[in-house]
Every structure is written in C-alpha cells, then in structure tokens.
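Visitor: Structural data only, the sequence is not supplied:
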C-alpha cells in the first residue's frame, strides 16, 4: 500500500456499494454498462494515484509559487484593474447557500440569489443611468458582442456596425468572433442609415474621455443604436451612460469586488433602455408576488432564452457569472452612494498626479491632451521594450506596452504617493 | 422582505479609502464632464449589509444545505479545498497581461490541466478560455467551420442536433451561423438511425451529441453514428455536460468525437455559484488544433509563454484567459482523485442513479427501462387525473427539505422529471429521498390539494411567473 488514504468525495463505501448492487440484482457496475460498446471500455485503474488533501495543497502552493508577479507594483490596466476587494465580498460569496446553489429554477427555494440578482440589476442600472439590466454575462468582451446583436435585432435590415478604433483590442477580438458568422460589416467609417449600431468605449483603450454625447446625437439622427463600453467605476464621478445618450451600456464589473485572478472570473454587465428589454440576452430577474400576495422574485421574460426558444433565442448563454455579479453587488453596496464617487475621485487624482510628474520628464510626452480618468497613455522617445527591464529591476510593472513607444498606465486607489514617486524616480533615470 | 435600496439610511456607510495626500487634491475633474447627481446606490453600515446578505443566504438552498438532484447539472459536492486554492494571493494578484516570465505558475496550470483533460477525454489539444458550456459549444462549432473552410467545403452549413439536446446546442449553432436540423430520438431513447441517414449530405458540417444523452442513456450505436457522420464528411461534437459517468470508463475521443467541451462546474466540482461562474474548456483532435482560439500557452523546455496571435486560429473567445480561477479549482480536484478516484466518481454516480431509479420507477411512468448512466427520466403523468403535474411534485419536494429535480426537460418526455443524484450522496440520503417521493404520492392519492398548492414551508409561497412577465419590474428603483 503506497499511502494511507487519498482524497475522495464519494460517500458510499464497500458495504453500501454491495447493498445497492444487490438491490439492482447485478454483481458489478460493469453489468450496468452494457450500452457502451466493448471496445470502448477502459481498464479500471488498479493503483490509487490520488493525493491527500495535504499533498494537494502543497502541490498547488508549489506551482503557484512560480508566479512572481504579485511581488511587483502593478500599473497594468487595459481592461482589468487592481482594486481593493472589501473583505465582506469574500465572506458573502463564500456562504454555502450562494456558493453551492445553481440557476434558480425553483424560485421559492432560491429567493436569496434571486433577490441579490435583482439588487445587482438595480445597482448597475443606477450606476449607468439606464432603465434595466440583465443578471450578468461572461465578461466585458462578450457583453459588448451581445449588445451588438441586440442592436442588429432591434434595427433589422441594417447591415453595418460602427466600432470605434479606440475600443479595447481584447474586446474587439471577442466582438469579431461573435459576429464572424453573420453577414454584418464592422467598420470605422461613415455613420449612415444602414448603421445598426455605434459602439464606443469611454474612456477608450488609451484612457481618453471622448465627446461621446456629440457622436451619439449624430448617430441617433441616423437611427443607430448607441452602445457605450466603459469601466463602470468611471460612472461614480463622470456622466452616466444614460446622460451621454447611450441606449445600451456594457463593460466588465471586475473593478467592483473581483480580484485580478489572471483574467477571470470577471463579469460582463449590460444595461439598456426599457424599449430594448426584449432583446436582452441571458437571465433577467423580475419582482412578482406569491400566492398570498407577498413580494418575491423569479427568472422572467424567459421566452427570450435558449432553454425555451432554442435556435431562435436572443443568445446561447446559459451558466455564466452569477456569483461574480453578487461580488460586484456587495462591493458596490459596500462603497455605496458616496463611496463609489470617492473611490472614483481617488483613482482620478492619483492617476493625474503620476501623469503630471511623468510628462515633465524629458523623453516622455503625453499621448493626448484629452481628459482622462484613472488610465492614461504616455509616449517614450526610447523603445518601451528597452525600458521595461529597468522598471522590472525596481519591482515595477509600469503599464501595458502599445506599439513600440507607448505605455498605457492604470493608477488606482491601491497606489500610495510613495509608490507613485518611486515610479517617477525610475522613469527619470531611464 | 425589504430590498437593499429600501434599507438604505442617509449618511450610513461601510467603506474606507486609503489615506489621501494634499498633493493629490490639486486635481479636480472638469465640472462639465461629471454626472449631475450621485448614482442612487444604497447607504448602509457594514453590519447592516452583512445582515442583509446573510438573510438572503438563509433564503437560498445549495448543495451544502440540501440534497440537490437537479438533472443534467451534476450538483456534486464542492470541496472547500478548491476554494482555499482559488483564494491564494499568488494567483489572485496576477494580472492577465503580466509578462509570461512572471506568471509561470499560472501558465503551467493551464498547460497541465489541458493535458489532464485531454487524457481523460481522449483528445489531443484544447483551450481553457471559454467561460461556460454554451461558450464552449460556440468555440467548438467555430473550429468545425474553420476546418471545413480550410478544406474548401464552405457549403457545409447544416448541423444536426437531437431533439433531446440542451437548448444551448441549437442556440450556439445558430450563433455560429448554422442551419439546424433536429434529429429524432427513437422509442429506446437512442438516435433514430433512419432519420440520421436521411439528414446526412455534403451540406452537413457535423452532429452535436450529448452522450450519455439527457435521458441518461449511453448511445449503443455511437460507433455506427460516428462512422456515418464521418463518411458524409461531417464532424462529431461532444456536449460534455454529461461526462461525469464516463471518467476512466470510456473516452469521447475513442468514440469518434472530434471536438467537445467539458463543464468544469459539473464534472469537476467547481461551485455552481447560483448560475456560474463555470468554465467550458474545449478539446479537440489533432486536425482541429491549428484553429484553436488564442491566447495559447506554449511550453518550451521548462518555461511557458503566451501567444496572443496565431495565423490559423479562429481568434479570441474571452477577453483574456477565461475563468482561470475556476480552472485552478478543477485542476486540484483532478490531482486529488487521480485516475483511480475519477473512476470511483463515475461508478458511484452510475450506481446511485440506478439505485434511485429502481425505487422510484413504480411511482411514475418509466419511459426507458434499461439501466441508466448518471441520471434518469421519469414521467409524472400518472397523476394528471388528480390535477397534479410534474411541477407540483417538484414544488412539494421543496417542503420535504430537498431541492427539486429538473422538470419539463428534455422536452420530448411528457411531464418529465430528470433526476441526477451524483456520486457524492450517501445511500442514506437516497433512501430518504425515496421515502419523500412515496409520501408525496400518498398525498396525491389522499389530499392532492396540498401538492397542487405547494410549496408551503418556503420563505415565499408559489410565485406568480405570469405577472412577472406581463408587467416586468426589473429594478427596485422603478
């Protein structure tokens, strides 16, 4: 015997196993597998090659110890942002009743998750300044793609989508993937009466705040549906999507309550005007009453969804990011009405502090004169790839390189003045 | 109960922020760009927030609190050690765009997990980036399209999908630009071979099959099906939603499947989270590998790096690497079990399902008498004369202190109950469930009203879904 006992989550042991086989009138499991052609049967493994919980934990610690990134001061953004995650988020999301439940098909036994989702929808609608929201989508990229489909359905007959060239390229990739098999053109040219949707990101990939309101006004004159992609934290301070004239707001809820965790789980949010509600993809929770008139919540408008409409559904999405949406809700309510504004302002100020110091350094210039929020782009005279080792030597990941000379830098509340000053010192001595 | 917004108390707060510095305060955002009024988010102390969400949790059932025999969802135990792994800061602090040399551990997990999954499934390569089962289906279908296109067979625009498939199959095929042919199921619960033959042509791109299917039955004709589809030039897609009973029993790759997805939140125990996040890795045979999505993790010697663009790739599917923290959980689960433990999972799941079916079949109509795999269907149509439907039985089960099976799916079974106990449950739990079902049947005979109007003991009574859809109230502020 090569070990005492490996980890196993199968409850029944030999005696129950035998009782159940006897009840079924068979001698072995094999007798239950006669539908499987003989040639497909695998030999049962003879040797216990599992691990104990202790050994499994050590194996994970060992492999993750090869990640050195957590030791660096991180200024990467580009769609994923380092923020404080309130301790309450983990405490709530790890509650068994949330963590180990599934899509609330039996509403009466799932009121907790349903109400939380309803509150998430409310919080996102409030933040983006639009009427309604869905329960969640996979991530920012797929939320943007689903928004395009909403617009194409609502604007049937039109064949073009205007996609701003300054949309995050990682989002663009997902949008292109989703639209690939459909005969619509993605372009960055003229907006006209054949344009179903206008898709803009604000702040854009380079951090610039653009004149979205003017673009949307022009687009609406052509009957296009206006889709705004944004880091939702920007709405804590700056004009909401609704105020800017957006019909659909999408993006990633990650900055609220979700750690970087190497890209996921994050959560795609989607809010829109009431008129588009039947085009919404995925789950939606609605309020209703029970048999005694008491308030309760259910999955609603399900006639849009794949389990009812199959190939005619508004989306194929099924299981997606419910628990991540809960994390987002907990973080949003932890910050609350005033905290979200203060957090956004803190981000704004720290980013501007660093930006102002950096652009005074010879050899570094601003990418643009446009206003920005918590992320900006700077241009180096030298090649960025030549500069990175100096930053890395000082324990700093200075941002995301774009092209040969540009760096997109994200600054959040996690960076203290001393850290920002250290960044500036390294930049001065390149 | 009141919602978060109704509980809000002006001026209350839970948040704190890092120390400000006078040097920061010089920066004020341009007034004309600001929102006109603060977003109407709630104002609550941390205690009030904690209590609110704790109260909500108490109004929700999960596997940890209740037996959850929801068919086709594989509601097995979610080990806590998985949660420990996913909370380690050595992982959670990693940005997805961090330079490869700084995230060698994560890249190794991706490479190693793919190798383990390929071995389990009999496949040659894959991606972990798809965020869920449905997105995995979409990726698989995009691979099939790219493959046919590369061979100059763009006319293959049709996908065959059985009538008992998950709704995501046709929805994903539609998203991938396919025309869908619905394939009939024969009276034994297998693919109708005559119908299959009649639908195969040089327009056929492939067949999507769940095996065992959603009736809980393994297709005895699988090898013949694979041969027919391949002969017609089509490919076979395996919907891995029901992979659990095949672990170390049989491999989809050996059955002839060319591409598949796996639901890590089903077979590999990652928590369902009230509807995700899950993960839907896609695996494929050698001939489809060139088309796999980016990013790809490449191993060279003992180090790993990420490739973000590949000429033949279909491109990206997720914004970054997909739900990595879910993949890490599944990785640990597989390491803990080894092949030996995986086989025990499959056998345990099959045994539990057959045992439960044996004791429940006489209470209902049993449409398919042969042994099942990990789940089975029963028809609750024998109490319709008492006015009791499958839905009523499901609701009454809630009163008895369990979650309900899947009802009305698959669509081809009248008054369907789809029951999946999983390997995690003990015989004692199954026996209790059998007793509950017997008691409910007795109630139907003696006092059907109590079943028809169930549930009676849940936080709310039966909810009015019609009203919810007719007058949608989708936020608390409207």
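Guide: Cool, got the structure. Note that the structure is predicted; figures quoted are calculated from it, not measured.
Visitor: Return the residues in contact with the closest residue to residue A:210 other than its chain neighbours.
Guide: Once flanking residues are discounted, residue A:210 sits nearest to residue A:202: 5.6 Å by CB to CB, 6 or more residues apart in numbering or on different chains. Using the backbone N, CA and C atoms, a C-beta is placed for each residue, glycine as well. Residue A:202 is in contact with A:209, A:210, A:212, A:228, A:229, A:230, A:234, A:244, counting by CB atoms under 8 Å, 6 or more residues apart in numbering or on different chains.
Visitor: Show the average pLDDT along stretch B:20-29.
Guide: The pLDDT scores in stretch B:20-29 average 95.
Visitor: Within range of chain A, give me the residues from the stretch 151-300 of chain B.
Guide: Residues of the stretch 151-300 of chain B found near chain A (CB under 8 Å from any CB of the partner chain) are B:166-168, B:170-178, B:180, B:217-220, B:222-223, B:248-251, B:254-255, B:263, B:265, B:269, B:271-278, B:293.
Visitor: now with 6 Å?
Guide: B:167-168, B:170-172, B:174-177, B:180, B:218, B:220, B:223, B:248, B:250, B:254, B:271-278 (CB under 6 Å from any CB of the partner chain).
Visitor: Most neighbours among the contacts of residue A:202, which one is it?
Guide: residue A:229 (30 neighbours; other CB atoms under 10 Å in any protein chain shown).
Visitor: Mind listing the residues bridging to that one?
Guide: Assessed by DSSP bridges, residue A:229 has beta-bridge partners residue A:201, residue A:250.
Visitor: wait, it sits on residue A:144?
Guide: Yes - applying CB atoms under 6 Å, one finds residue A:229 in contact with residue A:144, separated by 5.3 Å.
Visitor: Can you tell me which of the contacts of residue A:202 is nearest chain B?
Guide: When the contacts of residue A:202 are ranked by distance to chain B (CB to the nearest CB), residue A:209 comes first, at 6.3 Å.
Visitor: What separation do you get for that closest one and residue B:110?
Guide: For residue A:209, the distance to residue B:110 (CB to CB, to the nearest Å) stands at 36 Å.
Visitor: and residue A:121, what helix or strand is that in?
Guide: Assessed by DSSP states H and E, residue A:121 sits inside helix A:111-128.
Visitor: what separates that helix from the chain centre, distance-wise?
Guide: Relative to its parent chain, helix A:111-128 has a centroid offset of 16 Å by CA atoms, centre = their mean, to the nearest Å.
Visitor: now stretch B:435-449
Guide: That offset, for stretch B:435-449, works out to 32 Å (CA atoms, centre = their mean).
Visitor: got it, and stretch A:295-304?
Guide: Counting by CA atoms, centre = their mean, stretch A:295-304 comes out at 23 Å from the chain centroid.
Visitor: Could you pull out the buried residues of that stretch?
Guide: A:295, A:296, A:297, A:298, A:299, A:300, A:301, A:302, A:304 (16 or more other CB atoms under 10 Å in any protein chain shown).
Visitor: mind listing what residue A:321 touches?
Guide: A:136, A:265, A:267, B:276, B:277 (CB atoms under 6 Å, 6 or more residues apart in numbering or on different chains).
Visitor: could those residues be laid out in TSV, adding neighbour count?
Guide: Shown next, in TSV, are the contacts of residue A:321 (neighbours: other CB atoms under 10 Å in any protein chain shown):
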residue	neighbour count
A:136	30
A:265	28
A:267	33
B:276	32
B:277	32
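Visitor: And the furthest pair within these?
Guide: Spatial extent of the contacts of residue A:321 (CB to CB) is set by the pair A:136 and A:265 at 10.1 Å.
Visitor: Domain parsing of chain B, as residue ranges.
Guide: Using automatic domain parsing, the domains assigned to chain B come out as B:81-337, B:341-465.
Visitor: most packed of those domains?
Guide: domain B:81-337 (a mean of 23; mean count of other CB atoms under 10 Å in any protein chain shown).
Visitor: what's the spacing between it and its chain's center?
Guide: 12 Å.
Visitor: Regarding it, how distant is the last residue from the first?
Guide: The straight-line separation of the ends of domain B:81-337 (CA to CA, to the nearest Å) is 13 Å.
Visitor: Show me where the stretch 301-430 of chain A has its helices.
Guide: Taking DSSP state H, counting those that start in this stretch, the helices of the stretch 301-430 of chain A run over residues A:306-309, A:322-359, A:384-393, A:417-428.
Visitor: Give me the buried positions along the shortest one.
Guide: Of the residues in helix A:306-309, those with enough neighbours to count as buried (16+ other CB under 10 Å) are A:306, A:307, A:309.
Visitor: Output the residues you listed as CSV; include the columns pLDDT.
Guide: Output for the buried residues of helix A:306-309, formatted as CSV (pLDDT from 0 to 100):
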residue, pLDDT
A:306, 90
A:307, 89
A:309, 90
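Visitor: Around the nearest residue to residue A:327 once chain neighbours are set aside, how many other residues sit close by?
Guide: Setting aside the residues directly before and after it, residue A:327 is nearest to residue A:257 in space (CB to CB, 6+ apart), at 3.9 Å. Using other CB under 10 Å, residue A:257 has 28 neighbouring residues.
Visitor: ok, residue A:257 - contacts?
Guide: For residue A:257, the contact set (CB under 6 Å, 6+ apart) comprises A:85, A:89, A:327, A:328, A:330, A:331.
Visitor: Closest one of those to chain B?
Guide: residue A:330 (6.6 Å).
Visitor: what is the rounded mean pLDDT of stretch B:310-319?
Guide: The model assigns stretch B:310-319 a mean pLDDT of 97.
Visitor: ok, that stretch near chain A or not?
Guide: Yes - Stretch B:310-319 comes into contact with chain A (CB under 6 Å from any CB), by way of B:315, B:316, B:317, B:318, B:319.
Visitor: how close does the fourth one get to residue A:178?
Guide: For residue B:318, the distance to residue A:178 equals 11 Å [CB to CB].
Visitor: Could you tell me which ranges of chain A sit under the pLDDT cut-off?
Guide: Low-confidence segments of chain A (pLDDT under 70): A:1-4.
Visitor: Show me it divided up by domain.
Guide: According to automatic domain parsing, the domains of chain A span A:14-63, A:69-84+A:337-428, A:87-329.
Visitor: quick one: which of the ones you listed is nearest residue B:324?
Guide: Here domain A:87-329 is closest among the domains of chain A (CB to CB), at 4.2 Å.
Visitor: gap between that closest one and the chain center?
Guide: That offset, for domain A:87-329, works out to 10 Å (CA atoms, centre = their mean).
Visitor: With stretch A:53-65 instead?
Guide: With CA atoms, centre = their mean, you get 28 Å for stretch A:53-65.
Visitor: Also stretch B:387-398?
Guide: Centre to centre, stretch against its chain (CA atoms, centre = their mean), the figure for stretch B:387-398 is 24 Å.
Visitor: quick one: contacts for residue 157?
Guide: No chain in the question, so chain A it is. By CB under 6 Å, 6+ apart, residue A:157 has no neighbours at all.
Visitor: oops, I was thinking of chain B
Guide: So residue B:157 contacts residue B:179 (CB under 6 Å, 6+ apart).
Visitor: Can you get me a residue count around the nearest residue to residue A:342 once chain neighbours are set aside?
Guide: Spatial nearest neighbour of residue A:342, chain neighbours left out: residue B:17 (5.8 Å); criterion: CB to CB, 6+ apart. If you count neighbours by other CB under 10 Å, residue B:17 ends up with 13.
Visitor: Same question for residue A:105.
Guide: 20.
Visitor: Now do the residue lying closest to residue B:256 once chain neighbours are set aside against residue B:232, distance only.
Guide: Of all residues not flanking residue B:256 in the chain, residue B:226 sits nearest, at 2.7 Å (CB to CB, 6+ apart). For residue B:226, the distance to residue B:232 equals 11 Å [CB to CB].
Visitor: And for residue A:238?
Guide: Computed as CB to CB, the residue A:238 to residue B:232 distance reads 56 Å.
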